[in-house]
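>>> prediction below, plus the sequence it came from.
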Amino acid sequence: MKKLLIALLALPLVFACSPKVKRIETNLVKDVSGGWNDTDAQMVAQEMITDCLNSGWYTKFLTRKGKEPVVIVGTVTNKTMEHINTQVFVEEMQRALINSGKVEFVASKEERGEVRNERLEQDEFASEATRKAFGQEVGADFMLSGVLQSVADQAGSKAVVFYQANLKLINIETNQIVWNGQKQIKKYVKRSKVSF
């Protein structure tokens, strides 16, 4: 009887600790922690790519070469105080570049390695008529790379977190920086005090 009573008393605690999950729209802005999130990644990527493609390097390249530039996204380094999955940010930049229709895009270093392995296997296993040849890859004209940084000012339960994303577009042949973009986000975070 004692065990049953303990189990019945513990039951509400088990249910009280279980998470409550609610599906929300993917485009809904919802800051929970005040840290860098998917909305920040999407907003920064879209605004910076728009600025990049509307700057002078793009028109110069079209005039000189008569074709759309080929771009690759390089490394985006996280130098913030948070763990940020920079791959989400990189994917947002790639999506914005591709969907702009203004540039051609080549696969990342990791993706190229996987495709090259596929071609090696095709050399051995695919028919002559369907195998893809080596040496036909398109080389990128420009590499987009950057850094995410942050500064936090905190006192007690209040904090101001400043994020800065810096991106550079580099001419792969000449190492010239043809565009240097910056986007800043500032968040005021107030955490409620928990009392027991």
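Sure thing, it's come through.

>>> where are the low-confidence patches of this protein?
1-18, 21-34, 193-196 (pLDDT under 70).

>>> and the helices in it, which stretches?
For the chain, the helices defined by DSSP state H cover 2-17, 38-53, 56-65, 86-100, 109-125.

>>> isn't Gln122 right next to Arg131, touching?
Yes. Between Gln122 and Arg131 there is a contact under Cβ atoms under 8 Å: 4.2 Å. Quick note: C-beta positions are derived from backbone N, CA and C, even for glycine.

>>> residue contacts, the residue nearest the centre of the chain?
Among the residues of the chain, the one closest to the centroid is Phe89, at 1.0 Å (Cα atoms, centre = their mean). Under the criterion of Cβ atoms under 8 Å, 6 or more residues apart in numbering, the neighbours of Phe89 are 41, 44-45, 76, 148, 165.

>>> and for the closest residue to Arg116 other than its chain neighbours, the neighbour number?
In space, Arg116 comes closest to Phe134 once its chain neighbours are excluded; the distance is 7.9 Å by Cβ to Cβ, 6 or more residues apart in numbering. With neighbours defined by other Cβ atoms under 10 Å, the count for Phe134 comes to 11.

>>> related to what we said a few turns ago, deepest in the core, which of the helices of the chain is it.
helix 38-53 (a mean of 19; mean count of other Cβ atoms under 10 Å).

>>> just the CA trace of it, in PDB.
Provided in PDB are the C-alpha atoms of helix 38-53 (Å, rounded to 0.1, in the frame of the first residue of the first chain):
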ATOM      1  CA  ASP A  38      17.400  31.000 -37.300                       C
ATOM      2  CA  THR A  39      15.700  34.300 -37.900                       C
ATOM      3  CA  ASP A  40      19.000  36.200 -37.400                       C
ATOM      4  CA  ALA A  41      20.700  33.800 -39.800                       C
ATOM      5  CA  GLN A  42      18.000  34.300 -42.500                       C
ATOM      6  CA  MET A  43      17.800  38.100 -42.100                       C
ATOM      7  CA  VAL A  44      21.600  38.600 -42.200                       C
ATOM      8  CA  ALA A  45      22.100  36.300 -45.100                       C
ATOM      9  CA  GLN A  46      19.300  37.900 -47.200                       C
ATOM     10  CA  GLU A  47      20.300  41.500 -46.500                       C
ATOM     11  CA  MET A  48      24.000  40.900 -47.000                       C
ATOM     12  CA  ILE A  49      23.600  39.000 -50.300                       C
ATOM     13  CA  THR A  50      21.200  41.700 -51.600                       C
ATOM     14  CA  ASP A  51      23.800  44.400 -50.700                       C
ATOM     15  CA  CYS A  52      26.600  42.300 -52.300                       C
ATOM     16  CA  LEU A  53      24.800  41.700 -55.600                       C
END
